[in-house]
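Student: starting from these lines, generate the structure:
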Amino acid sequence: MKVVGRKRRWSVGELARASGLTVRALHYYGEIGLVSASERTPAGHRRYTDPDVRRLYRLRALHLLGLPLEEIRTVLNTADDSAALRQILVAQLADLDARAAGIAELRGRIQALLEQVDGSGMPGSGSFLTVLEATVPLVHANAYLTPQQREAVVQHARELGDDTITVLKAEWLGLVEQLRTLLRDGVAAGDPRVRALAGRWTEIGTALRGTTGDDGRLNTALAAMWRDNRTVIDQGMADRVAWLDAGDVAAVVEYVQQARQLGEYDERTVGDHG
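Tutor: Numbers count the residues shown, from 1 in each chain. So this is what the prediction gives:
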């Protein structure tokens, strides 16, 4: 890092080490026009300035808050003033508060398990599974959902209550098993049995989502999370549920989507001829 008067200049390697990013990532940000080195040395080497570093901070903060790069580009191209920076910092603080609340909730669950072990005896298996589910998430949603979206989902879960969620999850797993059997038996997605199960699948999803199901941006983020992590989620479910094999959940989800599409097509056809 070179200092000229009070102005600092970073080489790409120095900025990579200081920011925790790779040189390759910084080059990529430059190639797509998000963060570029504003200056070059007489020998042609890139040098990042203070405004470049502030822009990089804004980019990384917004990305961690779940914004896609195209939306981040729009935000970065607005004025880099104190008001814009304050908004980002407030959002980051809210994100940290949400994470802290999640850690505190998990700590309380583990403390309750410890008290049961020290007191009346071993907790039930359901208690351990609840803690495992919270401790080892299949996907880190922070990269996809904003703090506000995550809080909305958490708030709805509180309103439903643990008992209701457990019942709905159990029924959903039952649907997975039934649909997997039909799929393996070669039953077409348009079969009334598949369509009925797909309809109940949708009803359970609606119950678990509540009013958050009306949030178009949240729906888009959740779809992207499934698309990007389908293999991880599928394998994670297979690891957690004894009767599931790798590939089952992904195949069943596609089966349900086909049944829905056929149902929508039939409804349009009836409407066109009604």
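Student: just confirm M237 contacts G247, I think it does.
Tutor: No: judged on Cβ atoms under 8 Å, M237 makes no contact with G247 at a distance of 10.3 Å. C-betas here are computed from N, CA, C, even on glycine.
Student: can you pull the phi and psi angles for R47?
Tutor: phi -140, psi 130 (degrees, to the nearest 10).
Student: distance of it relative to T22?
Tutor: 18 Å (Cβ to Cβ, to the nearest Å).
Student: by residue count, what's the longest helix in this structure?
Tutor: Longest helix in the chain by number of residues (criterion: DSSP state H): helix 82-118.
Student: which one of M237 and G247 is surrounded by more residues?
Tutor: M237 (18 against 12; other Cβ atoms under 10 Å).
Student: for that one, which non-adjacent residue is spatially closest?
Tutor: The shortest distance from M237 to any residue that is not its chain neighbour, by Cβ to Cβ, 6 or more residues apart in numbering, is 4.7 Å, and that residue is V249.
Student: for the one you found, helix, strand, or coil?
Tutor: helix (DSSP: H, G, I helix; E, B strand; the rest coil).
Student: can you check R9 too?
Tutor: strand.
Student: that one pairs with what?
Tutor: K2 (DSSP bridges).
Student: looks like it contacts P51 (just checking).
Tutor: No: with contacts counted by Cβ under 8 Å, R9 stays clear of P51, the gap being 11.7 Å.
Student: for the two, indicate the residue with more neighbours.
Tutor: R9 (21 against 10).
Student: next one: that one from A143, what distance?
Tutor: For R9 relative to A143 (Cβ to Cβ), the value is 31 Å.
Student: how about E14?
Tutor: Taken as Cβ to Cβ, the span from E14 to A143 is 27 Å.
Student: and for A18?
Tutor: In terms of Cβ to Cβ, A18 sits 22 Å off from A143.
Student: and A100, by the same measure?
Tutor: 18 Å.
Student: these two - which one has more neighbours?
Tutor: A143 (15 against 10).
Student: correct me if wrong: that one contacts L64.
Tutor: Yes: counting by Cβ under 8 Å, A143 touches L64, with 7.5 Å between them.
Student: please identify which of R47 and T22 sits among more neighbours.
Tutor: R47 (20 against 11).
Student: wait, what's in contact with that one?
Tutor: 2, 9-11, 37-41 (Cβ atoms under 8 Å, 6 or more residues apart in numbering).
Student: who wins for most neighbours among those residues?
Tutor: Counting by other Cβ under 10 Å, top hit in these: W10 with 23 neighbours.
Student: quick check: closest non-adjacent residue to that residue.
Tutor: Y48 (4.3 Å).
Student: verify the stated contact: the one you found with A18.
Tutor: No: judged on Cβ under 8 Å, Y48 makes no contact with A18 at a distance of 9.8 Å.
Student: can you check which residues contact both of those two?
Tutor: W10.
Student: more neighbours, these two?
Tutor: For Y48 versus A18, neighbours defined as other Cβ under 10 Å are more numerous around Y48 (26 against 13).
Student: next one: phi and psi at the more buried one?
Tutor: According to degrees, to the nearest 10, Y48 has phi -90, psi 140.
Student: how about the helices in the stretch 101-250 of the chain?
Tutor: Taking DSSP state H, counting those that start in this stretch to define them, one finds helices in the stretch 101-250 of the chain at 125-135, 147-160, 162-184, 192-209, 216-240, 248-273.
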